[in-house]
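1. Here's a sequence, model it:
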Amino acid sequence: MADIRQVLPDSNEWWKGKFELEYHERNILGHVSKFLSLPQIIAFTGLRRVGKTTLMFKIASDFIDGGLDPKNVIYFSFDDFRDAQVSEVIKEYEELMGKNIKEGKYLLLLDEIQKLTNWEDQVKRIYDIYGKRVKIILSGSESLFLRKKSKETLSGRIFEFKVNTLSFKEFLRFKEMEFQPVELYERELAGAFQQFIRTQGFPELVGIEDREIILKYIRESIIEKIVYRDISQLFKVRDVGVLDSLLKIIIDRPGQLVDISDLGKELNVSRQTVSNYFMYLEESFLVRKLYNFSTNRRKTERKLKKYYSTLLLDVVFEEDELSRSRVFEWLMVNQLGAEFFWRDSYKHEVDVVIADEKVVPLEIKAGKIETKGLVTFMKKFGVDKGYIVTPDREERLEVDGKVIEVVKGYKFLMEEWDGFKY
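-> Predicted coordinates for the structure are as follows:
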């Protein structure tokens, strides 16, 4: 295919010795690096524009710095080549460069791989033929393992890593801001936190404050491309307008308890259609689902769920108290990668429950501080310490023998959260 051959030189600037990469440290690369020496495929998934391609280029740069011939590093994006084959890319590369990838060591970077039909079979074939000679790195803007077939085909051959939008600490690194000790830079950090909220963690928006630019970027570069291009083509959606309406409901009302049947009636579609569309939005990283926490997994699955969009639009620029409260809760839920909330039959509620090695309940409050739901949860589940995360307050409370730390949001993300996350 002539088109592939024409694209390859421009996609692989390092072949001409011209490669310069502007890279700011991302936390995920430290976790991925220990797997790079293993034969398994590395796959990056995540929302559009979060920096997956930049991470691939950073790995390419590191391999080259480590002694790999730059001409043995091959990058190709399938974003505009949905009918191409991985084998065709390799063939065109070999003919163009006079190479035989059965000889020597190679790094193969395949971007937006999920656009290809039967991509998993194609990648498995390359992996099985070339083995340890070719290190394969993949990226996809939807979950690569939505289909059972993908997991079965590549079982034991692949490690998947999700790339998120920037954390607040990563955002500060991108801005090259000093932030230690935190107490010395509190005023600067509070201002940066507001910028962070509005740019929503997208690397390309760091330093941009113009409302029109930010909203146009999020609407057109991310939401519309995912809804009207990625999801509609990958999942063969019949009514994209309904999908778009469903997403808008979640964007306008993040954190609502959702009854799938009621939502189906509101949109005039079946319950199954709403359930399917939610799955598509989740697998494309546009929506986050939170389960009602329980020590009984079966009960957790049956209860109503909360849904948060991973992106917001105009509300991030609104200054009224209700909007600021909603935006703050939305940000913290997404930054924490929340999977659970808690609500009992008496409507006692906790916004986020972290349930990893230990159970940690968190309330997210931009206004009046209330402890009843938090303390009720702590008594029920035998938890001694909980948190209330706020935009601007901090203190230590003791209620009914339970310790509650009230922490500023940006401080929690910079200090406390690291201890739970890793």
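
2. Which residues does the helix or strand encompassing Gly30 contact?
-> Assigned by DSSP states H and E, Gly30 falls within helix 27-33. By C-beta atoms under 8 Å, 6 or more residues apart in numbering, the residues outside helix 27-33 that reach it are Ile42, Leu55, Lys58, Ile59, Phe161, Val163, Asn164, Ser167, Lys169, Glu170. (Each C-beta comes from the backbone N, C-alpha and C, glycine too.)

3. Tell me which residues touch the last one, please.
-> Spelled out, that is Glu170. Glu170 neighbours (C-beta under 8 Å, 6+ apart): His24, Glu25, Arg26, Asn27.

4. Let me know the closest of those to Lys216.
-> Lys216 lies nearest to His24 out of the contacts of Glu170, by C-beta to C-beta, at 23.7 Å.

5. Can you classify the closest one as helix, strand or coil?
-> coil (DSSP: H, G, I helix; E, B strand; the rest coil).

6. Which residue, neighbours along the chain excluded, lies closest to it?
-> Counting by C-beta to C-beta, 6 or more residues apart in numbering, His24 lies nearest to Phe174, which is 4.8 Å off, once chain neighbours are set aside.

7. can you tell me which of the contacts of helix 27-33 are in helices?
-> Those of the contacts of helix 27-33 mapping onto helices are Leu55, Lys58, Ile59, Lys169, Glu170, per DSSP state H.

8. Looking at those, spot the one nearest Glu398.
-> Distance to Glu398, by C-beta to C-beta, is smallest for Lys169 among those, at 30.0 Å.

9. Next one: the residue nearest to the closest one when sequence neighbours are not counted, what pLDDT does it get?
-> Excluding its sequence neighbours, the residue lying closest to Lys169 (C-beta to C-beta, 6+ apart) is Met414, at 5.7 Å. As predicted, Met414 sits at a pLDDT of 87.

10. Kindly confirm my reading that Met414 is in a helix.
-> Yes - according to three-state DSSP, Met414 belongs to a helix.

11. Buried residues, the host helix or strand of Leu247. List them.
-> With elements taken from DSSP H and E, the one containing Leu247 is helix 240-252. Residues of helix 240-252 classed as buried by neighbour count (16 or more other C-beta atoms under 10 Å): Val242, Leu243, Asp244, Leu246, Leu247, Ile249, Ile250, Ile251.

12. Switch those over to TSV; also include distance to Val269 and pLDDT.
-> Converted to TSV, the buried residues of helix 240-252 look like this (distance: C-beta to C-beta, whole Å; pLDDT from 0 to 100):
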residue	distance to Val269	pLDDT
Val242	6	95
Leu243	10	95
Asp244	13	95
Leu246	9	96
Leu247	14	97
Ile249	13	96
Ile250	15	96
Ile251	18	96
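
13. of those residues, closest to Arg133?
-> Nearest to Arg133 among the buried residues of helix 240-252: Leu243, at 42.6 Å, using C-beta to C-beta.

14. Tell me how many other residues crowd the residue nearest to Pro39 when sequence neighbours are not counted.
-> Of all residues not flanking Pro39 in the chain, Lys132 sits nearest, at 5.1 Å (C-beta to C-beta, 6+ apart). Neighbour count of Lys132, defined by other C-beta atoms under 10 Å: 9.

15. same check, this time on Phe412
-> 25.

16. low pLDDT regions in the protein?
-> Filtered on pLDDT under 70, the chain yields the residue ranges 1-2, 144-151, 299-301, 416-422.
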